[in-house]
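Asker: Return a 3D structure for these sequence lines:
(one chain, ligands or ions: 1)
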Amino acid sequence: MDLGLTQEQEQFRALAREWVDREVVPHATEWDRAEQVDPKIVGKMAELGFLGLGIAEELGGSGGDFLTYTLMMEELGRGDTSVRGIVSVTLGLVAKSIQAWGSPAQQQRWLPGMCAGEILGCFALTEPGTGSDAANLTTRAVRDGDDWVLTGEKIFITNGTWAGVSLVFARTGQPGPKGITAFLVPTDAAGFGRREIKGKLGLRGQATAEIVLDGVRVSDAHRLGPEGSGFKIAMSALDKGRIAVASGSVGLARGCLEAALAYAKERTQFGKPIAGYQLVQEMLADMAVETDAARLLVWRAADLVDRGRPFGTEASMAKLFATESAVKAANQAIQVFGGYGYVDEFPVGKAMRDARVTTLYEGTSQIQKLLIGRALTGISAF
Ligand code: COS
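Answerer: Take a look at the predicted model:
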């Protein structure tokens with residue numbers, strides 16, 4: 001067993017780390033207050049090849065294995081979960097689904113622009129009435145000659161108002177998972193309405209939207225994969241997406257640990273730095289152990305992906321542990337900072353608000369536990 005990174009992976013991580021320190025960390029608070037990251041960040045990430053990682057070079061991507069992708073997620077997650085989300089949805093959920101399931105014409109139409117940061121993607125699965133129970137979604141796509149007409153509502157869609165292409169999951173047949181088909185819908189299509197959801201607890205820099213499809217007409221050439229395969233496309237994207245969320249959460253937890261450690265060495269109470277007190281060291285030690293353990297779960301899942309082995313259960317374990325650990329780490333970091341952790345002059349309050357969503361999206365902690373339970377027992381709770 002070799003838990004070391006290759007020289008290429010080390011170099012990539014160093015580049016991403018330095019870039020995040022320069023381009024993301026200094027602005028994260030201001031973007032959080034403004035409820036919008038600077039859109040220019042997208043082009044800057046594209047220049048470094050971040051938005052094409054794992055996409056074939058002939059389609060405008062920069063290649064690279066899945067482990068390298070998780071290294072990028074960790075660094076972006078350390079800097080700002082909103083920025084990490086823009087990439088993990090555009091690249092991880094949408095572009096990679098197009099690469100895996102798309103026709104050559106669909107790949108040519110969307111992927112070079114997505115890798116160049118000119119087109120963002122959004123993943124339109126969740127609906128007002130179906131979150132965890134995604135197989136029961138009600139958005140409909142009805143065949144009309146060579147076209148499909150889509151009608152329905154989607155909610156909590158990351159990049160919703162920024163995206164140029166929306167991967168929409170709609171019902172085309174029977175109830176349940178086998179009646180769902182995926183479509184690549186240009187967001188400037190007539191009848192495609194979107195509204196940004198404001199007032200979120202965290203992830204404020206990222207455009208989260210409600211989407212209304214009011215008779216949106218697309219040709220059959222916009223269908224992604226075979227009819228009835230939409231649920232499979234969504235679930236296989238989410239399997240890898242969950243590793244990305246896990247890795248971003250490792251980054252978030254590491255950011256909290258680094259901030260708390262630096263602060264604890266600086267802050268003096270009762271005549272000595274608080275880092276010298278055992279109860280503070282306990283919090284720092286807990287954060288360090290859980291962050292490292294979460295990273296090892298992420299790397300194991302990523303390694304399985306890279307070796308072409310089944311990884312779904314390991315992805316669920318990584319997501320469950322890393323996201324819950326990130327919430328704990330942010331909470332402990334606030335404890336170390338005391339009153340200063342409660343104002344946004346320091347980054348840990350934002351980390352707490354941002355961490356909270358990670359146990360909800362791309363499958364709640366409860367869904368991950370039920371998936372792990374099903375793998376252990378062979379009995380499905382759904
Ligand atoms: N990869 C590929 N195919 C998958 C799959 C996966 N991870 N999971 C299920 N499928 C396939 C199954 O193989 C099955 O097809 P076959 O009968 O041809 O084999 C079909 O999809 C239906 O499977 P099943 O009925 O077993 O569905 P599940 O029980 O796996 O799914 C849960 C139920 C609750 C696990 C699923 O709906 C889920 O993950 N919900 C959470 C949704 C979510 O994460 N939402 C967040 C949206 S993004 S913010």
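
Asker: Check whether the helix or strand hosting Asp286 comes near the ligand.
Answerer: In the assignment (DSSP states H and E), Asp286 maps to helix 278-306. No. Residues of helix 278-306 are not located near the ligand by CB under 6 Å from any ligand atom, the shortest gap being 12.5 Å. In this view, the C-beta of every residue, glycine as well, is placed from N, C-alpha and C.

Asker: Does Ala259 touch Lys350 like I think?
Answerer: No. In this structure, Ala259 is not within contact of Lys350 by CB atoms under 8 Å, at 10.7 Å.

Asker: mind listing the helices for the stretch 51-200 of the chain?
Answerer: Using DSSP state H, counting those that start in this stretch, the helices of the stretch 51-200 of the chain run over residues 66-79, 81-87, 96-101, 104-115.

Asker: how far does the helix holding Asp286 sit from the chain's center?
Answerer: Relative to the centre of its chain, helix 278-306 is centred 19 Å away, using CA atoms, centre = their mean, to the nearest Å.

Asker: Repeat that for stretch 45-59.
Answerer: The chain centre lies 17 Å from the centre of stretch 45-59; the measure is CA atoms, centre = their mean.

Asker: now stretch 100-108
Answerer: Chain-centre distance of stretch 100-108: 22 Å, with CA atoms, centre = their mean.

Asker: Can you list the neighbours in contact with that stretch?
Answerer: Stretch 100-108 has contacts (CB atoms under 8 Å, 6 or more residues apart in numbering) with 59, 98-99, 110-111, 182, 184, 221, 224-225, 229, 233, 236.

Asker: just for the stretch 1-150 of the chain, where's the confidence low?
Answerer: Along the stretch 1-150 of the chain, the model assigns pLDDT under 70 to no residue.

Asker: residues in it within reach of the ligand, list them.
Answerer: Neighbours of the ligand within the stretch 1-150 of the chain, by CB under 6 Å from any ligand atom: Leu125, Thr126, Ser132, Ala134, Ala135.

Asker: hang on, the last one packs against Phe169?
Answerer: No. Because the distance of 9.9 Å does not satisfy CB under 8 Å, Ala135 is recorded as not touching Phe169.

Asker: picking that back up, quick check: PyMOL command selecting the buried ones in the residues of the stretch 1-150 of the chain next to the ligand.
Answerer: In PyMOL, a selection of the buried entries from these looks like this (16 or more other CB atoms under 10 Å):
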select buried, resi 125+126+134+135
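
Asker: burial count for Met1?
Answerer: By other CB atoms under 10 Å, 4 other residues sit near Met1.

Asker: coming back round to it: name the nearest of the contacts of stretch 100-108 relative to the ligand.
Answerer: Of all the contacts of stretch 100-108, the ligand sits closest to Ser236, with 4.1 Å by CB to the nearest ligand atom.

Asker: What residues does the stretch 251-382 of the chain have near the ligand?
Answerer: Along the stretch 251-382 of the chain, the residues adjacent to the ligand under the rule CB under 6 Å from any ligand atom are Gly312, Tyr361, Glu362, Gly363, Ile367, Leu371, Ser380, Phe382.

Asker: try it again with 8 Å
Answerer: Gly312, Tyr361, Glu362, Gly363, Thr364, Ile367, Leu370, Leu371, Arg374, Ser380, Phe382 (CB under 8 Å from any ligand atom).

Asker: if you skip the residues just before and after it, what's nearest to the first one?
Answerer: This means Gly312. Spatial nearest neighbour of Gly312, excluding adjacent residues (CB to CB, 6 or more residues apart in numbering): Asp239 at 5.0 Å.

Asker: how about the strands of the stretch 151-300 of the chain, start to end?
Answerer: 165-171, 180-186, 192-196, 208-219, 223-224, 268-269, 272-273 (DSSP state E, counting those that start in this stretch).

Asker: Using PDB, write out the CA atom coordinates for the third one.
Answerer: Written as PDB, here are the backbone C-alpha positions of strand 192-196 (Å, rounded to 0.1, in the frame of the first residue of the first chain):
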ATOM      1  CA  PHE A 192     -36.800  28.300 -19.000                       C
ATOM      2  CA  GLY A 193     -37.300  30.600 -15.900                       C
ATOM      3  CA  ARG A 194     -35.000  30.900 -12.900                       C
ATOM      4  CA  ARG A 195     -34.800  32.900  -9.700                       C
ATOM      5  CA  GLU A 196     -32.000  33.100  -7.200                       C
END
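
Asker: from the middle of its chain, how far away would it be?
Answerer: Taking mean C-alpha positions (CA atoms, centre = their mean), strand 192-196 and its chain are 21 Å apart.

Asker: which parts of it are buried?
Answerer: Using 16+ other CB under 10 Å as the test for burial, strand 192-196 gives Phe192, Arg194.

Asker: need the contact list for the residue of the stretch 251-382 of the chain at minimum distance from the ligand.
Answerer: When scored by CB to the nearest ligand atom, the stretch 251-382 of the chain has Gly363 as its residue closest to the ligand, at 3.4 Å. Contacts here follow CB under 8 Å, 6+ apart; on that basis Gly363 touches Ser132, Leu238, Arg242, Ser316, Lys319, Leu371.

Asker: hang on, the earlier thing: list the buried residues for the next helix or strand after the helix holding Asp286?
Answerer: Using DSSP H and E, the helix or strand that follows helix 278-306 in sequence is helix 312-337. Neighbour-count burial for helix 312-337, with 16+ other CB under 10 Å as criterion, is recorded at 312-334, 336-337.

Asker: Who are the packing partners of helix 312-337?
Answerer: When contacts are defined as 3 or more CB pairs under 8 Å, 6 or more residues apart in numbering; DSSP states H and E, helix 312-337 packs onto helix 230-266, helix 278-306, helix 348-358, helix 365-377.
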